[in-house]
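**Q** Give me coordinates for this.
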Amino acid sequence: MTHNINTQNGFTFFEVLVTLLIVGIVSGFGAPALATMLNNGQDAAGSHELQHSLDIARNEAVYQGIPVTVCALGDASENACANDKDASWNRGWIIFHDRAGKTGQVDEGDQILTVIPAGEIAKDIIGDKAHVTFEPNGRIQHRSVTFKLDTTDCSAEHSKTLWVPRSGAARLEDVNCNA
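**A** Purely as a prediction, here's the structure:
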């Protein structure tokens, strides 16, 4: 007695075609969500980098007992702060001991602690001041400073605002774009 056993190895063309069609449909729904998630992650990293820089400057001012400034990079050189009228925080910023000369400008006798280049920060940072100077008591010289972060992309109908009150403790907040 002979038994015919029909064994099938592999997949049929139809099975492969249906599988690829399902994978394509699922990928089509997932790709935009993945792109949004990656973009939001980059923006969050940039806003946290600025907040971290402000926290470092405040702590350094209190610890050293001298003024410490965070200023927007100027376009002339990596060691120059921007002027108030043409400040763009998108270029990056400098953290330095502000001991001598004009407050908010890197002068002879000031010590640069670090330079944060543009490649490591959020896409859009709009500050209402070109620099933030922390006094030895941890307070800032201005009444307050506000940074609007990533204001061009309000796809989630909100953006981030980094607010530094007179006390010097920076706070990151969600803000409704439509308000």
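**Q** in this structure, which ranges drop under the pLDDT threshold?
**A** Where the chain drops to pLDDT under 70, the residues are 1-8, 31-47, 76-78, 84-87, 119-123, 150-158, 176-179.
**Q** hey, where'd the strands end up in it?
**A** 68-72, 92-97, 111-117, 125-127, 131-134, 144-149, 158-165, 171-176 (DSSP state E).
**Q** Correct me if wrong: residue 113 contacts residue 60.
**A** Yes - Residue 113 lies in contact with residue 60 (Cβ atoms under 8 Å); the separation is 6.7 Å. For every residue, glycine as well, the C-beta is placed using N, CA and C.
**Q** overlap in contacts of the two?
**A** By Cβ atoms under 8 Å, 6 or more residues apart in numbering, residue 113 and residue 60 have these common neighbours: 68, 95, 97.
**Q** measure the last one to residue 64 for me?
**A** Between residue 97 and residue 64 the distance, using Cβ to Cβ, to the nearest Å, works out to 7 Å.
**Q** Between these two, which has more neighbouring residues?
**A** More crowded of residue 97 and residue 64, by other Cβ atoms under 10 Å: residue 97, with 19 against 13.
**Q** need the contact list for the more buried one.
**A** Contacts of residue 97 (Cβ under 8 Å, 6+ apart): 60, 64, 66-68, 110-111, 113.
**Q** Identify the bridge partners of it.
**A** Counting by DSSP bridges, residue 97 is bridged to residue 68, residue 111.
**Q** again, but for residue 125
**A** Beta bridges link residue 125 to residue 149, judged by DSSP bridges.
**Q** ok so, going back, of the shared contacts of residue 113 and residue 60, closest to residue 23?
**A** Closest to residue 23 out of the shared contacts of residue 113 and residue 60 is residue 95 (48.4 Å), distances taken as Cβ to Cβ.
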